[in-house]
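Trainee: predicted model follows, preceded by the sequence.
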Amino acid sequence: MESLKQPVQYLKGVGPKKQKLLQRLSIFTVEDLIYTFPREYEDRRSVKTVQGLVDGEKTSLYLEVCGKIQEKSIRRKLKIYTLPVKDATGTAQLVFYNTPFIKQVFQPDDKIFVHGKVKIDFYTVQILHPEYSFIKDEQHQAFQQIMPIYRLTEGLSQKDFYALQKFIFSNGATLIQEFLPEDILKKNKLCSLDFALQNIHFPSSSQNLRIAKYRLIFEELLILQLGLLLTKGQLDENREGIAFNKMPQLNDFIKQLPFQLTESQKKVLEEIEEDMESSRIMNRLVQGDVGSGKTIIAIIALYKAVLNNYQSVFMAPTEILAEQHYDTIHALLEPLGVKTVLLSGSITKRNKEKILEEIEIGKVDIVVGTHAVIQDNVRFHKLGLAITDEQHRFGVRQRVKLSNKGLNPDILVMTATPIPRTLALILYGDLDISVIDQLPPGRKAIETYCVDENKRKRVYNFVRKQIQEGRQAYIVCPLIEESENIEARSTVELYEELTKEYFQDMRVGLLHGKMKSAEKENLMKTFKSGEIDLLVSTTVIEVGVNVPNASVMVIENSERFGLAQLHQLRGRVGRGSYQSYCILINYGKNPITLERMKIMEGSTDGFVIAEKDLALRGPGEFFGTRQHGLPELKIANLFKHIKILHQVQVEAKKVLAEDPGLHLEKNKGLRRKLLEAFQEKMEEIGL
Ligand SMILES: Nc1ncnc2c1ncn2[C@@H]1O[C@H](COP(=O)(O)OP(=O)(O)OP(=O)(O)O)[C@@H](O)[C@H]1O
């Protein structure tokens, strides 16, 4: 091996097929592979004997083969192989499924080491589908250690991963170069990079694993902090923004809304208005749990800009939501003479050209759409305010782009993700934060039930009853991350099953990501107007959709979703005054899944759920750091490692105080890493 940047296909054992599978896990180079850390470890060092095994546990054993392997056909497609084994304390069976080659593997009297799950039935002790190695093998020693367990994708096994990492560490370990400056290593008692990487994949002891983890967490957080400090530094130059005026019409507008703003909404609105009225550019994040009423706050801000003769833009994460926001804004502001347009994928080219022209000459006041609304072909006459959601919050690049158009608009970012404040400050270092921490009055807590898959029929009966009472319902289909095509297909299948077997007499709609924009829009319109009773959908409805008459949310294969996502989905009901229900149909049996479902049953508070989700999953997935233009966190957990983070913050500040551009020889490696991790951001600020 010549370089860690070498593509993985040059590794032994990686053909085009494996290369594709690795790509699916975002592994392109040898370095990517080295930085793909085990998800967890299995400690196989404590070995048990047959007598003393406990049903259900995973364990390691030394055994001797004491008979011939038996083959049994259970069903047409299920063959079971059982191999009699023993140790000094008793006999057992190794059980393998559908693996014909296993017949040739073992000979009587072979001495083996196995690791697998124990099943005890009456007097038979079985080890189910165990991993095994022969004592005489060289590999055996390694197999008996603390084994790394990697996150897999279909077609790649733990063994594949293990072999690849082994190959790299025996052939390319010398290529691993330390990049942290000596003084940082020393002061923080960090081990060297090669030691850390070697031990994160092949821990020689629990102690060394801890040391390795600590170094890698520290390194990851240090890069994150440096990157954030550098970009924030760039933004702190206090460019002149627009100072909007207070307008009496705004209060009239608020007074005539069909509801009173909650105290919490009022407070947040005050903070926004203050920002808008100052000549500093507003950069504010509004956090509010699902259904807390963020949209109306956004609309009031949009209207304030319009009253000041500025244009404003409202970006939504999906077309469905853009359409919904457009409808709401249009209904509220059109009577006041405000011209709002929707730039969506479904408008014709001619129409679009006309709208673009109207935006450019200032005939349009508010533009609503997906991210496309700030692309190059959209030229504003006089843009004063841009509202977006966290999924595509304005990065430095977008802000620079807007300024280059001769504008310094105020910026408001909305999020339903309840992030603990300290973490928000880290992630959104450059934004001020407002929190809506109160739901509108009259909301009833959504009742949540997690049920086993075999209760589906009962669930559907319940849905039917709710529909008969005049309510509407959602059934959300399993999330299939690998392929949007498969996801669409399975949604269609469920739709067909439901319309044929359970809801023949009801009006059922189907919604998935593969449908054309116009079809989606139409469907949502009919659902909203109450002409559809039941919507079978993928997670396209996840964010923001607001149909207050909907009172039941059924989520199929709920075990496949993250808690934050389940919370978002559940937030689609309970948005009016009707008692609402969320039913999680669960196919998973493992204890963590069940615990997650319990959390959902036990709480409807996004903040509580977020904290528990963080504890269970780690923030990488939860925050989707990538969404924020930040490097993905592979090992650090902003929540769990807050202490290390504080230590890192001090260190990062010191580094930049001494060497703001990272030009010193000792910081060269750090600079290179930072450029790699924050590629886009660093280009923008010209590091
Ligand atoms: N102060 C209020 N009193 C009563 N109803 C309100 C109030 N504020 C907002 N609503 C209503 O509550 C519902 C939810 O509001 P909205 O759609 O703004 O939620 P959201 O915060 O955007 O939630 P999500 O993140 O789930 O999209 C809407 O039907 C809205 O009209």
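Mentor: Thanks, I have it. Numbering: from 1, shown residues only.

Trainee: so where do the helices sit in the stretch 401-550 of the chain?
Mentor: Taking DSSP state H, counting those that start in this stretch to define them, one finds helices in the stretch 401-550 of the chain at 421-427, 456-468, 484-497, 517-528.

Trainee: the closest residue to P441 other than its chain neighbours: what's it in contact with?
Mentor: Counting by C-beta to C-beta, 6 or more residues apart in numbering, the nearest residue to P441 once its immediate chain neighbours are dropped is T262, at 7.3 Å. Where you see a C-beta, it was placed from the backbone N, CA and C, and this is true even at glycine. In this structure, T262 makes contact with G293, I436, Q438, L439, P440, P441, judged by C-beta atoms under 8 Å, 6 or more residues apart in numbering.

Trainee: just confirm I80 is within a helix.
Mentor: No - if the criterion is DSSP: H, G, I helix; E, B strand; the rest coil, then I80 is strand and not within a helix.

Trainee: what sits closest to it if chain neighbours are left out?
Mentor: Nearest residue to I80 in three dimensions, chain neighbours excluded: K72, at 4.9 Å (C-beta to C-beta, 6+ apart).

Trainee: and what of L307?
Mentor: The shortest distance from L307 to any non-neighbouring residue, by C-beta to C-beta, 6+ apart, is to M247 (4.2 Å).

Trainee: how close does R560 sit to the ligand?
Mentor: The gap separating R560 from the ligand is 21 Å, by C-beta to the nearest ligand atom, to the nearest Å.

Trainee: what ranges in this structure fall below the confidence cut-off?
Mentor: Scanning the chain with the threshold set as pLDDT under 70 gives 137-144, 232-239, 390-406, 418-430, 479-489, 542-544, 614-631, 639, 680-687.

Trainee: pretty sure V367 contacts A322?
Mentor: No - when contacts are counted by C-beta atoms under 8 Å, V367 is not listed as touching A322 (10.1 Å).

Trainee: re the thing from before, for the helices of the stretch 401-550 of the chain, could you give me JSON lines that also reports distance to the ligand and mean neighbour count?
Mentor: Listed next are the helices of the stretch 401-550 of the chain as JSON lines, based on distance: least, C-beta to the nearest ligand atom, whole Å; neighbours: other C-beta atoms under 10 Å:
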{"stretch": "helix 421-427", "distance to the ligand": "16", "mean neighbour count": "17"}
{"stretch": "helix 456-468", "distance to the ligand": "19", "mean neighbour count": "16"}
{"stretch": "helix 484-497", "distance to the ligand": "22", "mean neighbour count": "16"}
{"stretch": "helix 517-528", "distance to the ligand": "11", "mean neighbour count": "18"}
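
Trainee: same list, these, but as JSON lines with distance to M553 please.
Mentor: Written out in JSON lines, the entries for these read as follows (distance: least, C-beta to C-beta, whole Å):
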{"stretch": "helix 421-427", "distance to M553": "27"}
{"stretch": "helix 456-468", "distance to M553": "10"}
{"stretch": "helix 484-497", "distance to M553": "15"}
{"stretch": "helix 517-528", "distance to M553": "13"}
